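Colleague: here is a sequence with its predicted model. Questions after.
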Amino acid sequence: MDNNVQELQDYEKLKKARDRFVSEVAKNIHLYDISHSVGRLYGTVFFSEDAMTLDEMSDELGMSKTSMSTGIRSLVEVNMVERVWEKGIRKDLYKTEDDWYKSFSNVFINRWRNATEQNTIAIQETKEMLHELNDTTGSDHLKQLIKSDLTKLKQAEAYYTWLDDVISLFETGEIFDIVPKREPN
């Protein structure tokens, strides 16, 4: 077999191997609240030998430059991709963030901190409403329900305090003292 033919076949195998990983990442990237197509974009940048411009991404994926810009912005916001600079190149260049732990931590912190804060506010407002109702109602049955609800809210409050502690472990990096980062073999 001709060396050129063999090399082309080998490059096809490389592409197939990369596509296998990219497809799985794209399928599961919704966990980061990112779309499937942006997951494919991430995979393209991940396997690129060099930092890429939006034009190169657009050519590679056959999507509009506007879609690439929107997608790359999503990836930058969750710290999965970073903008880099190279001397003599005027266009923005992007490469994947090397520290996957950092990317996960940032997404985890942002999503869970926001949810925890909103739920804690809802607990406080609900407790106030229940205390006010308890002060004005004459129904013993309703007072029992309110007491039960307040107990449930205390349990929820304890959970969100614990979750806040977990989030803090990620913010400070102490999580890696408990569960160390793994080094590639």
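Modeller: Noted; the coordinates are in hand.
Colleague: compute the first-to-last residue distance for stretch 56-67.
Modeller: 13 Å (Cα to Cα, to the nearest Å).
Colleague: begin at 20 from now on, thanks
Modeller: I'll keep to 20 as the first residue from here, and by that count the last item is stretch 75-86.
Colleague: enumerate the positions of that stretch that are buried.
Modeller: 75-77, 79-80, 82, 86 (16 or more other Cβ atoms under 10 Å). Quick note: C-beta positions are derived from backbone N, CA and C, even for glycine.
Colleague: domain-wise, how is this structure divided?
Modeller: 22-116, 120-197 (automatic domain parsing).
Colleague: out of those domains, which gets the lowest mean score?
Modeller: Lowest mean pLDDT within these: domain 22-116, a mean of 91.
Colleague: from the chain's centre, how far out does that one sit?
Modeller: 17 Å (Cα atoms, centre = their mean, to the nearest Å).
Colleague: repeat for stretch 175-186
Modeller: With Cα atoms, centre = their mean, you get 20 Å for stretch 175-186.
Colleague: which of the buried residues of stretch 75-86 sit farthest apart?
Modeller: Within these, Glu75 and Ser86 form the most distant pair, 13.8 Å apart (Cβ to Cβ).
Colleague: which residue is the nearest non-sequential neighbour of Ser67?
Modeller: Lys114 (7.4 Å; Cβ to Cβ, 6 or more residues apart in numbering).
Colleague: a strand runs through that neighbour, doesn't it?
Modeller: Yes: Lys114 forms part of a strand when assessed by DSSP: H, G, I helix; E, B strand; the rest coil.
Colleague: list the contacts of the residue lying farthest from the centre of the chain.
Modeller: Residue farthest from the centre of the chain, counting by Cα atoms, centre = their mean, is Gly157 at 49.1 Å. Contacts for Gly157 (Cβ atoms under 8 Å, 6 or more residues apart in numbering) come out as none.
Colleague: so it lies in a helix, does it not?
Modeller: No: counting by three-state DSSP, Gly157 is not found in a helix; it is coil.
Colleague: for it, give its distance to Met99.
Modeller: Distance, Gly157 to Met99, by Cβ to Cβ, to the nearest Å: 58 Å.
Colleague: cool, and Lys114?
Modeller: 11 Å.
Colleague: neighbour count winner among those two?
Modeller: Met99 (25 against 15; other Cβ atoms under 10 Å).
Colleague: isn't Ser77 up against Met87?
Modeller: Yes: in this structure Ser77 lies within contact range of Met87 using Cβ atoms under 8 Å: 4.9 Å.
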